[in-house]
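Trainee: Have a look; sequence and predicted model below, questions after that.
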Amino acid sequence: MQRSKICSLDELKSAIENQSLLDIKTQELNELFTLFFSKIPNSINSTLEFANHLSLRTRILKDELLLSSENEILLSLFNTFKETLYKELSYEEFCDSFAQTLTYSLFLAKLNNDTTK
């Protein structure tokens, strides 16, 4: 898996004021979207394959949450979990639990959605 970062929030704020930087970042973002949408997803043919695909996405989300330990909103949520659910909860356990809850909740929502949207 290739990890890519277009820019930080500070770079984005400065890009708005700098047209040439904004053009460069716009081009990089367009290239990233082109790469993303050019990949045809592999079909999933078994429950094991499906579980592996979901676990990969859950792991990616967990890793991103772990890297976001300075995010005030995320820290507030972690502290709320810790105070109300499990006082011994570590930040890593929180990230893992939150990633699993979010991934599988979205899956169940999609599974139970009978609309075409």
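Mentor: On my side now, so go ahead.

Trainee: Distance of Cys67 relative to Glu92?
Mentor: Careful, residue 67 is Leu; it's not Cys. The gap separating Leu67 from Glu92 is 12 Å, by CB to CB, to the nearest Å. C-beta here means a position set from N, CA and C on the backbone, and glycine is covered the same way.

Trainee: same deal with Leu56?
Mentor: For Leu56, the distance to Glu92 - CB to CB - is 18 Å.

Trainee: With His53 instead?
Mentor: 23 Å.

Trainee: How about the most centrally placed residue in the chain: what's its closest non-neighbour residue?
Mentor: Taking CA atoms, centre = their mean as the criterion, Leu61 is the residue nearest the geometric centre of the chain, at 4.6 Å. Among residues not flanking Leu61 along the chain, Ala99 sits closest, at 4.1 Å (CB to CB, 6 or more residues apart in numbering).

Trainee: pretty sure the one you found is touching Lys62, no?
Mentor: Yes - contact between Ala99 and Lys62 holds when scored by CB atoms under 8 Å: they sit 3.9 Å apart.
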